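Novice: Sequence and computational prediction follow.
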Amino acid sequence: MFSMSLRAASISKIYGAGLLGPGKCIFREISLEISPGKTFGLMGPSGEGKSTLGRVVAGLEKPTKGTIYYKGSPLTGMKKTEYTAFRSKVQIMFQDPTDAFNPGKKMGHSVSEVLALLRVPKVKYAPKIEELLIITGLPEEVLSRYPSQLSGGQLQRLALGRLLLLDPEYIILDEPTSALDVSVQAQILHMLKKVQAERKIGYLLISHDEAVIRFMSDSYGELEKGHLKIIG
Ligand SMILES: Nc1ncnc2c1ncn2[C@@H]1O[C@H](COP(=O)(O)OP(=O)(O)OP(=O)(O)O)[C@@H](O)[C@H]1O
């Protein structure tokens, strides 16, 4: 059957294996599946390898063993064009939104940059930007500000809005609200849920906060001592 999911099959990650020794095993034989419109929550203590697992699922790092499948095709066997499509459809959103933007450029520039990258004709910039402002619930004036002139919550909204211009099918959310105040955290989580319901995006949500994981996830597990224990 044709699969639409993003799936990790028995993946392991070992850093530094070679002539000098067996290396450091971060996680072993992990399998998980993210389906369109659903959230898989990944929790676990600091340093257990959650971000590493997220990067491997997103194709930014190769697993030492095992395979990532995107819509049924293994990443390793993909042609260059297929892999390029995978890389644009599977995105990562990071914890600190200040890292997502060039501090020396106004937000409007950072948004237009993505549109240029996507080869959107200039006449279509205005409707795309308007759509982004509606999704993020931000006023147009934010576009004429520098990142340092916006709050963490506004920046994270814009980071998500800009990422949505790429029309992703899956987003790895790596502690997306950990750097924010509790009240702002809730706003971002609700925005993520709304966007998911509208666009059927699959999320891999990484968080050390069980309440966040429970609120957001359809199923979830904990990474501990290199193994994934499915909890709910
Ligand atoms: N490129 C690398 N080379 C060697 N070790 C690495 C590399 N990247 C990460 N690690 C190690 O892998 C382990 C897991 O790191 P990772 O950032 O994935 O954990 P985490 O669970 O996301 O932690 P946190 O919640 O603190 O962000 C850490 O011990 C880290 O030092």
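Specialist: That came through fine.

Novice: Check for me that residue 55 belongs to a strand.
Specialist: No: using DSSP: H, G, I helix; E, B strand; the rest coil, the assignment for residue 55 is helix, not a strand.

Novice: right, and it touches residue 68 too?
Specialist: No: when contacts are counted by CB atoms under 8 Å, residue 55 is not listed as touching residue 68 (10.9 Å). Every C-beta, even on glycine, is put in place using the N, C-alpha and C of the backbone.

Novice: Contacts only, for residue 224.
Specialist: 44-45, 48 (CB atoms under 8 Å, 6 or more residues apart in numbering).

Novice: could you redo the last one with a cut-off of 10 Å?
Specialist: Taking CB atoms under 10 Å, 6 or more residues apart in numbering, we find residue 224 in contact with 27, 43-45, 48-49.

Novice: Please apply the same query to residue 35.
Specialist: Here residue 35 is in contact with 3-7, 170, 200, 202, 218-219 (CB under 10 Å, 6+ apart).

Novice: Turn those residues into a markdown table, including distance to residue 113 and secondary structure.
Specialist: As requested, the contacts of residue 35 are exported to a markdown table (distance: CB to CB, whole Å; DSSP: H, G, I helix; E, B strand; the rest coil):
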| residue | distance to residue 113 | secondary structure |
| --- | --- | --- |
| 3 | 34 | coil |
| 4 | 30 | coil |
| 5 | 31 | coil |
| 6 | 26 | strand |
| 7 | 32 | strand |
| 170 | 22 | strand |
| 200 | 27 | coil |
| 202 | 26 | strand |
| 218 | 34 | coil |
| 219 | 36 | strand |
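
Novice: among those, which ones are buried?
Specialist: With burial judged by 16 or more other CB atoms under 10 Å, the buried subset of the contacts of residue 35 is 5-7, 170, 202.

Novice: First-to-last residue distance for stretch 84-99?
Specialist: 24 Å (CA to CA, to the nearest Å).

Novice: Just the buried positions in that stretch, please.
Specialist: 86, 89-97.

Novice: Now do the same contact list for the residue lying closest to residue 124 once chain neighbours are set aside.
Specialist: Distances taken as CB to CB, 6 or more residues apart in numbering place residue 115 nearest to residue 124, at 7.9 Å, with adjacent residues excluded. Shown in contact with residue 115 (CB under 10 Å, 6+ apart): 121-122, 124-125, 128-129, 132, 162, 165.

Novice: any idea where the helices of the chain begin and end?
Specialist: 50-57, 80-89, 107-117, 125-136, 152-164, 182-199, 210-216 (DSSP state H).

Novice: got these as a markdown table, with mean pLDDT and distance to the ligand columns?
Specialist: Formatted as a markdown table, the helices of the chain follow (pLDDT from 0 to 100; distance: least, CB to the nearest ligand atom, whole Å):
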| stretch | mean pLDDT | distance to the ligand |
| --- | --- | --- |
| helix 50-57 | 96 | 3 |
| helix 80-89 | 92 | 19 |
| helix 107-117 | 94 | 25 |
| helix 125-136 | 94 | 26 |
| helix 152-164 | 94 | 17 |
| helix 182-199 | 94 | 16 |
| helix 210-216 | 95 | 13 |
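
Novice: quick one, which of those helices is nearest to residue 230?
Specialist: helix 210-216 (12.4 Å; CB to CB).

Novice: Which strands and helices lie in contact with the closest one?
Specialist: strand 39-43, helix 182-199, strand 202-206, strand 219-224 (3 or more CB pairs under 10 Å, 6 or more residues apart in numbering; DSSP states H and E).
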